[in-house]
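J.: structure of the sequence below:
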Amino acid sequence: MTQGPARPAPLPPAAAVVAYVAGAALLASAAPLLAYAGSLALFGAPHALAELRYVDGRFGAGLASRRGLAIAGVLAVVVALRALVLLGQAPALDAFVLELGLVALLAFLVVPSLVARPGRAGLAFAVGAAIALGSLLDPLLTVVVLALLHNATPVGFLAERDDVRARALPACAVAFVAVPLAIASGLPSAGLAALGLAAPDAGPASAGTLADHLRVFVPSAWLGSPRAADVFAAAAYLQLLHYGIVLGVLPRLLRTGGDAPVLPWPRAGVLALAIAAVGGAFTVAFLARFTPTRATYGLLASVHAWLEVPVLLLALGGRAAAAGPRGPEGGIA
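T.: Numbering: from 1, shown residues only. A predicted model of the protein is given here:
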């Protein structure tokens with residue numbers, strides 16, 4: 001992975017960040033279904049493609065190895081599993097268990113690259129073991145926990161960068177911890193309801209009601225709790241932050257240097273048009289038939305979400321681990 005530039009990377013202005021965080025918090029508190037389903041319909045596919053481009057540009061050289069091929073093979077099996085479920089050829093719960101086992105394998109695959117830093121290698125092993133254990137004990141709860149954690153992964157992408165870490169992490173502490181905790185408390189939604197500004201079931205007509213989607217972010221044991229909608233709202237807010245950083249911040253960081261993609265991506269303008277076209281097609285499909293489209297989108301989402309597991313664990317190991325071992329021919333092994 002190429003060393004980043006010495007000059008500060010161009011992060012968004014503080015006023016823009018505050019405005020986005022405040023707007024996202026208000027939207028999620030007042031209309032959690034709209035925040036979740038609306039943003040998924042508009043930005044789900046574009047953000048997945050944009051993140052894959054970022055990961056290739058930032059970490060692609062380190063993944064162009066036997067380790068990278070193994071990761072790609074595991075992800076291909078995950079996509080095949082989801083396709084079988086989508087086609088009605090495999091039971092969803094069994095597929096969930098197997099998919100989580102494969103995600104655990106993704107964590108285990110990077111352990112050998114982290115042996116020089118035993119603490120980091122132990123963390124990667126612990127992550128894999130926790131996911132594997134969760135897949136056996138309570139796969140549905142494990143999927144919910146991973147969905148919640150996935151929304152915070154942009155913090156990891158910012159934290160591994162020397163050129164933005166010190167400036168970004170204090171803001172992330174507020175935006176990704178303090179604000180969602182406040183939303184989950186129920187105080188913002190109660191205040192908005194008192195003002196007549198709450199519309200929890202507002203959203204795309206094809207998405208149904210909020211109750212139809214609570215289990216995406218709320219553990220089954222909490223579904224009957226009066227705080228279930230507020231927990232969902234906090235997660236929907238985090239989803240908005242996830243999309244905002246992936247689409248609005250990470251591409252800017254690639255342009256500051258250290259962009260070494262392995263895959264043959266088109267130039268930036270063409271890629272932006274292609275991503276917009278794919279996003280538009282998914283938006284139309286989501287508005288027409290939300291649930292089937294979400295299942296189809298899951299094929300793409302599984303690749304970008306589960307790829308984050310080995311990539312971020314390698315990033316924790318520093319540049320040497322992320323770059324990968326070199327073979328006798330002098331290239332990446």
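
J.: from here on, just use CA atoms for contacts and neighbour counts.
T.: OK.

J.: what sits against L52?
T.: H304 (C-alpha atoms under 8 Å, 6 or more residues apart in numbering).

J.: show me where pLDDT drops low in this structure?
T.: The chain contains residues with pLDDT under 70 at 1-9, 317-333.

J.: what lies in contact with stretch 299-312?
T.: So stretch 299-312 is contacted by 45, 48-49, 51-52, 55, 59, 71, 75, 78-79, 82-83, 103, 106-107, 109-110, 150, 153, 156-157, 322 (C-alpha under 8 Å, 6+ apart).

J.: so which of those are in helices?
T.: 45, 48-49, 51-52, 55, 59, 71, 75, 78-79, 82-83, 103, 106-107, 109, 150, 153, 156-157, 322 (DSSP state H).

J.: PyMOL command to pick out the buried ones of these?
T.: Selection of buried members from those for PyMOL, criterion 16 or more other C-alpha atoms under 10 Å:
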select buried, resi 45+48+49+51+52+55+59+71+75+78+79+82+83+103+106+107+109+150+153+156+157+322
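
J.: the helices in the stretch 1-150 of the chain, which residues?
T.: With helices called from DSSP state H, counting those that start in this stretch, the stretch 1-150 of the chain shows them at 14-30, 32-33, 39-63, 66-86, 92-109, 118-137, 139-150.

J.: meant to ask about the stretch 151-300 of the chain, not that
T.: Using DSSP H, counting those that start in this stretch, helices in the stretch 151-300 of the chain cover 153-159, 165-173, 179-184, 187-194, 228-248, 250-254, 268-288, 290-316.

J.: would CSV of these with distance to G122 be doable?
T.: CSV is the format used below for these (distance: least, C-alpha to C-alpha, whole Å):
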stretch, distance to G122
helix 153-159, 18
helix 165-173, 24
helix 179-184, 29
helix 187-194, 39
helix 228-248, 27
helix 250-254, 29
helix 268-288, 38
helix 290-316, 11
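
J.: what's the closest of the ones you listed to V262?
T.: Among the helices of the stretch 151-300 of the chain, helix 250-254 comes nearest to V262, with 13.9 Å by C-alpha to C-alpha.

J.: just list what that closest one packs against, helices and strands only.
T.: helix 39-63 (3 or more C-alpha pairs under 8 Å, 6 or more residues apart in numbering; DSSP states H and E).

J.: tell me the angle the helix it packs on makes with helix 290-316.
T.: Using axes from the mean of the first three to the mean of the last three C-alpha atoms, to 10 degrees, the direction of helix 39-63 lies 30 degrees away from that of helix 290-316.

J.: now do the buried residues in helix 39-63.
T.: 39-63.

J.: go on, stretch 243-252?
T.: Using 16+ other C-alpha under 10 Å as the test for burial, stretch 243-252 gives Y243, G244, I245, V246, L247, V249, L250, P251, R252.

J.: ditto for stretch 255-266
T.: Neighbour-count burial for stretch 255-266 [16+ other C-alpha under 10 Å]: T256, G257, G258, D259, A260, P261, V262.

J.: cool, stretch 212-222 as well?
T.: Residues of stretch 212-222 classed as buried by neighbour count (16+ other C-alpha under 10 Å): H213, L214, R215, V216, F217, V218, P219.

J.: just the ones of those in strands?
T.: Among the buried residues of stretch 212-222, DSSP state E puts none in strands.

J.: pull the most distant pair out of those residues.
T.: Checking these with C-alpha to C-alpha, the most distant pair is H213 and P219, at 11.5 Å.

J.: nearest to V284, out of the buried residues of stretch 212-222: which one, please.
T.: Relative to V284, the closest of the buried residues of stretch 212-222 is H213; by C-alpha to C-alpha it sits at 19.7 Å.

J.: what does the closest one show for phi and psi?
T.: phi -120, psi 0 (degrees, to the nearest 10).

J.: before we move on, what about the one 4 residues further on?
T.: Phi and psi for F217, reported as degrees, to the nearest 10, are phi -120, psi 0.

J.: distance of it from A268?
T.: 34 Å (C-alpha to C-alpha, to the nearest Å).

J.: cool, I245 as well?
T.: For I245, the distance to A268 equals 18 Å [C-alpha to C-alpha].

J.: what do you get for V111?
T.: V111 is 34 Å from A268, where distance means C-alpha to C-alpha.

J.: ok, those two, which is more surrounded?
T.: V111 (24 against 10; other C-alpha atoms under 10 Å).

J.: list the contacts for the closest residue to that one other than its chain neighbours?
T.: Nearest non-adjacent residue to V111, counting by C-alpha to C-alpha, 6 or more residues apart in numbering: A121, 5.1 Å away. Contacts for A121 (C-alpha under 8 Å, 6+ apart) come out as V110, V111, P112, S113, L114, V115.

J.: and with 7 Å instead?
T.: Residues in contact with A121 (C-alpha atoms under 7 Å, 6 or more residues apart in numbering) are V111, L114, V115.

J.: in this structure the first one contacts L123, no?
T.: Which is V111. No - using C-alpha atoms under 7 Å as the test, V111 is too far from L123 to be in contact (8.8 Å).
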